[in-house]
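Trainee: make a model of this:
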Amino acid sequence: MFRHRSAELAVTVEPADAFIRTPRPAQREWWLQRAGEELVDDLMHLDRLSANLVTGSERPAIAHGWRDSDAHYAADELIIEGQQVMQDWEAPLMRAMATQVAANGGDVLEVGFGMGISATYMQEFGIRSYTVLEANEDVAQAFADWQKTVPEADTKLILGPWQDTLPTLGLYDGIFFDTYPADETEYMQYVVEDVTFAAHFFTHAAAHLRPGGVFSYYSNEIDSLSRRHQRRLLEHFSGFSVEVVRGLVPPDDCTYWWSNSMTVVRAVK
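Mentor: Numbers count the residues shown, from 1 in each chain. Model prediction:
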């Protein structure tokens, strides 16, 4: 059993007798103590972080199909189905993630074009080719407009949900995943109930990377990776590294991120 009580919180972990059946009782006690202390540390850290969050606003439900929904571009954001799909405060994140997936040069695959921020950075880094999978028709038109700004580059867009288009493709040197849930079922299953929205894509990224290839994605982690997140990564990749992008300024009405930092992951095949 693990117990912690302080002025801030009380935590009790009381497992069933048959749970964590180690050869010796001392081993079980040590594991429970370590796990309990880590839980307390995480909660205390979240308490400290909470004072620095922006207020944020409620996200409206996704009501219609994603592919033919109107995409509204403004100077600072992309809105689809009432969703804040991307905003310009993400530029430092996009640059950091683009740096990782373009590090090997070669062929890069991006899933979700968004505002084209990461695509522009990748061209600056000198990759051999750029392919993007995009499900929304209006965003595909925005890609066509962007493509005209880099006429010498080898770029192409494949229209359709990545679940349909990715199986037809080969291997890449870098893959970047930054899409948005297409309906409320995806939002609940992959955002609310999973460790990170990209987790359901891990197996696909690993299958389409060349040996030594790099995968990065929008992590939804503030300043570290949870053990659960790390285990999921190591099921599919040989290793990973993490950096923290600080100084982010999401607006007060942002529906999807409220902290001034986020981790960037470099996962290697």
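
Trainee: C-alpha only now, for contacts and for neighbours.
Mentor: OK.

Trainee: what about the closest residue to Asp107 other than its chain neighbours, neighbour count?
Mentor: Of all residues not flanking Asp107 in the chain, Ser129 sits nearest, at 4.7 Å (Cα to Cα, 6 or more residues apart in numbering). Around Ser129 there are 18 other residues, counting by other Cα atoms under 10 Å.

Trainee: now Ser241, what's its secondary structure?
Mentor: Under DSSP: H, G, I helix; E, B strand; the rest coil, the three-state class of Ser241 is strand.

Trainee: who's it bridged to?
Mentor: Arg266 (DSSP bridges).

Trainee: quick one, helices of the stretch 151-269 of the chain?
Mentor: Along the stretch 151-269 of the chain, counting by DSSP state H, counting those that start in this stretch, helices occupy 162-165, 184-186, 202-207, 227-234.

Trainee: got a list of contacts for the second one?
Mentor: By Cα atoms under 8 Å, 6 or more residues apart in numbering, the surrounding residues in contact with helix 184-186 are Ala61, Ile62.

Trainee: all further residue positions should be reported with the first residue as 417.
Mentor: Right, with 417 as the first residue, what we last looked at is helix 600-602.

Trainee: ok, Asp589 touching Asp523?
Mentor: Yes: shown here, Asp589 and Asp523 form a contact pair, counting by Cα atoms under 8 Å, at 5.3 Å.

Trainee: list the residues that contact the residue nearest to Asp523.
Mentor: Gly522, Asp523, Val524, Ala569, Asp570, Thr571.

Trainee: can you tell me which of the residues you listed has the most neighbours?
Mentor: Highest count within these by other Cα under 10 Å belongs to Val524, 29 neighbours.

Trainee: residues contacting it?
Mentor: Val524 neighbours (Cα under 8 Å, 6+ apart): Val517, Ala518, Ile543, Arg544, Ser545, Tyr546, Thr547, Tyr588, Asp589, Gly590, Ile591, Phe592.

Trainee: so what's Ala507 closest to, chain neighbours aside?
Mentor: Nearest to Ala507 is Ile533, by Cα to Cα, 6+ apart, at 6.6 Å.

Trainee: mind checking the backbone torsions on that neighbour?
Mentor: Main-chain dihedrals, Ile533, degrees, to the nearest 10: phi -70, psi -50.
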